[in-house]
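Q: Quick one: sequence plus predicted model below, questions after.
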Amino acid sequence: MLKLIKMEWKKNHIGKYVIKSIVVAALLAFFIYALAYMGIANDPDTGVPDAADGNEMISAFIEMFTGMAFLIMGGVMQASFIVGAYKNGTMSLMFSYPIKRQKIIVSQMLAVWIFDFLALVITKLVLYFCILAGSRFMTSSFPIDYDMADPMFYLQMFVNSAVTVSTTLIALFIGLIMKSTKATIVSSFLLVFLTQGNIGQFTLRKNAAFFTVLMMVSIAFAFLSVYKVETKDLM
């Protein structure tokens, strides 16, 4: 399986996604740092930070913006690695190998999942560290509500990141059903609005029950994506 995953990374030129991840991390670090220490979120009249309900803490911004960025990136990668492979014919070549089709599809899913998860976790760590380092010299506009010395901080970050990345499997399933890379990418954007958006004071972003169900749905859709793939015709 590991060889198949490495092959997927090589075949899809994983280096370009590494570069994109670095660029995204740098842009997010600058943006979050500006929110915390440069006052770009402050009301010009009162000088008080102007944030939606539930975004009063700096960690909320870090989790929200990193989640949005890498959910979309994961959707794009799923579209390229799997749906695109069906569309451009490379999947039929891979299915000619003496390897079970299910194993090939699972390796592609894991190739995307592992990379997106690691990229998301590393980006979060960079952002959390930058904000913490800045607090030694300046006062943050938003309270710093985390402790990087606490093991629970890392556990929560890993769990949240795993749920976010797993959500891309829903977008993949929709793309496979509709036989469209565009549908996969559009679905990832819709999932961003569903999981990270606000409607007035209402948001699902901190609803543990919702994300538990979402994780279960993601696993179910991953199963459905490989179900009967051994006998199913190519796109």
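A: Ah, there it is. All figures in this text were calculated on a predicted structure; none of them were measured in a lab.
Q: rest of the way, CA atoms for contacts and neighbours
A: Will do.
Q: quick one: contacts for residue 27?
A: With contacts defined as C-alpha atoms under 8 Å, 6 or more residues apart in numbering, residue 27 has no neighbours.
Q: CA atoms only for the strand or helix carrying it, dumped as CSV, please.
A: Using DSSP states H and E, residue 27 maps to helix 14-37. Presented in CSV, the C-alpha positions along helix 14-37 are these (Å, rounded to 0.1, in the frame of the first residue of the first chain):
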residue,chain,number,x,y,z
ILE,A,14,3.2,16.1,-5.3
GLY,A,15,5.9,18.8,-5.3
LYS,A,16,3.5,21.3,-6.8
TYR,A,17,1.1,20.7,-3.9
VAL,A,18,3.9,21.1,-1.4
ILE,A,19,4.6,24.5,-2.9
LYS,A,20,0.9,25.5,-2.9
SER,A,21,0.7,24.4,0.8
ILE,A,22,3.7,26.5,1.7
VAL,A,23,2.2,29.5,-0.1
VAL,A,24,-1.1,29.0,1.6
ALA,A,25,0.6,28.7,5.0
ALA,A,26,2.6,31.9,4.5
LEU,A,27,-0.5,33.9,3.4
LEU,A,28,-2.6,32.6,6.3
ALA,A,29,0.2,33.3,8.8
PHE,A,30,0.5,36.9,7.5
PHE,A,31,-3.3,37.3,7.6
ILE,A,32,-3.8,35.9,11.1
TYR,A,33,-0.9,37.8,12.4
ALA,A,34,-2.4,41.0,11.0
LEU,A,35,-5.7,40.2,12.6
ALA,A,36,-4.0,39.7,16.0
TYR,A,37,-1.4,42.4,16.0
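Q: buried sites along that helix?
A: 14, 17, 21, 24-25, 28-29, 31-37 (16 or more other C-alpha atoms under 10 Å).
Q: Now the element after the biggest helix by length in the chain, going C-ward?
A: Counting residues, the longest helix in the chain under DSSP state H turns out to be helix 101-134. Where DSSP H and E defines the elements, the next helix or strand beyond helix 101-134 is helix 151-166.
Q: packing partners for that next one?
A: Of the remaining helices and strands, those touching helix 151-166 by 3 or more C-alpha pairs under 8 Å, 6 or more residues apart in numbering; DSSP states H and E are helix 58-78, helix 101-134, helix 208-226.
Q: which of those helices sits most buried?
A: helix 58-78 (a mean of 22; mean count of other C-alpha atoms under 10 Å).
Q: Low-confidence stretches in the protein?
A: 39-56, 196-207, 228, 230-235 (pLDDT under 70).
Q: what residues are up against the nearest residue to residue 82 once chain neighbours are set aside?
A: Counting by C-alpha to C-alpha, 6 or more residues apart in numbering, the nearest residue to residue 82 once its immediate chain neighbours are dropped is residue 108, at 6.6 Å. Each residue near residue 108 by C-alpha under 8 Å, 6+ apart is listed here: 4, 5, 8, 81, 82.
Q: Burial check on the first one, number of neighbours?
A: The reference is to residue 4. 17 (other C-alpha atoms under 10 Å).
Q: follow-up on the earlier one: report the distance from the longest helix of the chain to the chain centre.
A: In terms of C-alpha atoms, centre = their mean, to the nearest Å, the centre of helix 101-134 is set 7 Å apart from its chain centre.
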